[in-house]
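> what follows is a predicted protein model with its sequence.
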Amino acid sequence: MRIDAHHHLWDLTRRAQPWMDGPWADPIRRSYALGDLTPHLTEHGVGGTILVQSSSSYEETAELLAVGAEQGPVAGVVGWADLTDPALGEVLAAPPAGLVGIRHQVQDEPDPDWLVRPDVLRGLGVLADAGLVYDLLVTPREMPAAHTAVRALPQLSFVLDHAAKPAVARGEWEPWAAAITALAGLPNVSCKLSGLVTEADWDGWRPQQILPYARHVLEAFGPDRVMFGSDWPVCTLAAGYEDVVALAESATCRLGAAERSAVFGGTAGRVYGVAVA
C-alpha cells in the first residue's frame, strides 16, 4: 500500500498562512480539506498519508491531529513545536496520539545557522527523547547547518523535506548536489522525493529537467531512505497530483519492485512508525 509522506491541509477561515506572502500564492489561497485530497489518493492507490504542518501554531497542530484521529487515510501528523522553549520537555512529555514528528520553517529564518543555535539543538534533543522525528525544511543555504545538526544528534531521526529545494528552474546543480551527498552519508537522515515541481518553472517544466535531481537523491540516499511525498496542494502551483506521481514513478522506474515499494511506502512507514491497513 502506498503512503504519501507529505501533504498539507489548511483552513483560511481559522488562520492565515504567513508564507503566502504575494500574488504567486493566489491559486492556492483557499481552504483545503481532506475530502479534496481523497479522490487523488484513491485514484493512485495511496492508502495512507503523513499530514504536515504549514504554520507555526500549536492550535493548527491540534486541528491536524483531530483530522488524523478520524477514520481516514492520515496515518501520522508532523506538527509544530517551539524548539527554543526551555519547557519543551514538559510540552512533549506525553506526545499526543498520532503525532509522529515536528517541523519548523527553517528556510524562513534570517539566520542560516539557526539549526545549530544551542537552544535549538537542545530542543532537537527533546524530540529524540520523545521518540519523534524531525522534518528538515531547508534550502541549500541552510544545508551546512542541517548537516551539523544531524551529525550532532545521531539519536534523532531526521527527514529532509523536498530534497532541500534545489534551484531546478535555474538549472543549478552545485552546491546542492554535494550537500545532498554529504548529508546522505549520515545514517540518521532520510529524504522526501517531494516538492521538486515547484522548484522548476511552473509553466514550462519538463520531466527531463527534474529527473536528474530526483535520481541524485535516490543514488545518494538509496531507496530505503527515500520516501514519496506529493506536497499537495502546494504542488498544484506547477502540477497536478497525477503529474507528481508520474514523476516519482519515472524517477524510480530503474529500481526493482522491492526498492520501489520502499520509496512509495516502506520507508515512510518505518521512519515515522506508522502502519497502513
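Arrived safely, thanks for sending. Residues are numbered from 1 along each chain as shown.

> are we agreed that Val78 is in a helix?
No. Secondary structure assignment (DSSP: H, G, I helix; E, B strand; the rest coil) places Val78 in strand, not in a helix.

> and the pLDDT for the closest residue to it other than its chain neighbours?
The shortest distance from Val78 to any non-neighbouring residue, by C-beta to C-beta, 6 or more residues apart in numbering, is to Gly101 (4.0 Å). The way it works is simple: take the backbone N, C-alpha and C, and place the C-beta from them, glycine included. Gly101 is assigned 98 on the pLDDT scale.

> go ahead and confirm Gly101 touches Ala128.
No. Gly101 is beyond contact range of Ala128, at 11.5 Å (criterion: C-beta atoms under 8 Å).

> helix/strand/coil for the residue nearest to Val78?
On the basis of three-state DSSP, Gly101 is classed as strand.

> how about the contacts made by it?
Ile50, Gly76, Val77, Val78, Gly79, Leu127, Leu132, Val133, Tyr134, Asp135, Val159, Tyr272 (C-beta atoms under 8 Å, 6 or more residues apart in numbering).

> ok, Val1 touching Leu41?
One correction, residue 1 is Met, not Val. No. With contact defined as C-beta under 8 Å, Met1 does not count as touching Leu41 (10.7 Å).

> residues in contact with Thr252?
Contacts of Thr252 (C-beta under 8 Å, 6+ apart): Leu218, Pro223, Glu259, Arg260, Val263, Phe264.

> repeat that for Gly68.
By C-beta under 8 Å, 6+ apart, the neighbours of Gly68 are Leu51, Val74, Ala75, Gly76, Val77, Gly98.

> host element of it?
Assessed by DSSP states H and E, Gly68 sits inside helix 58-69.

> okay then, goodbye and thanks.
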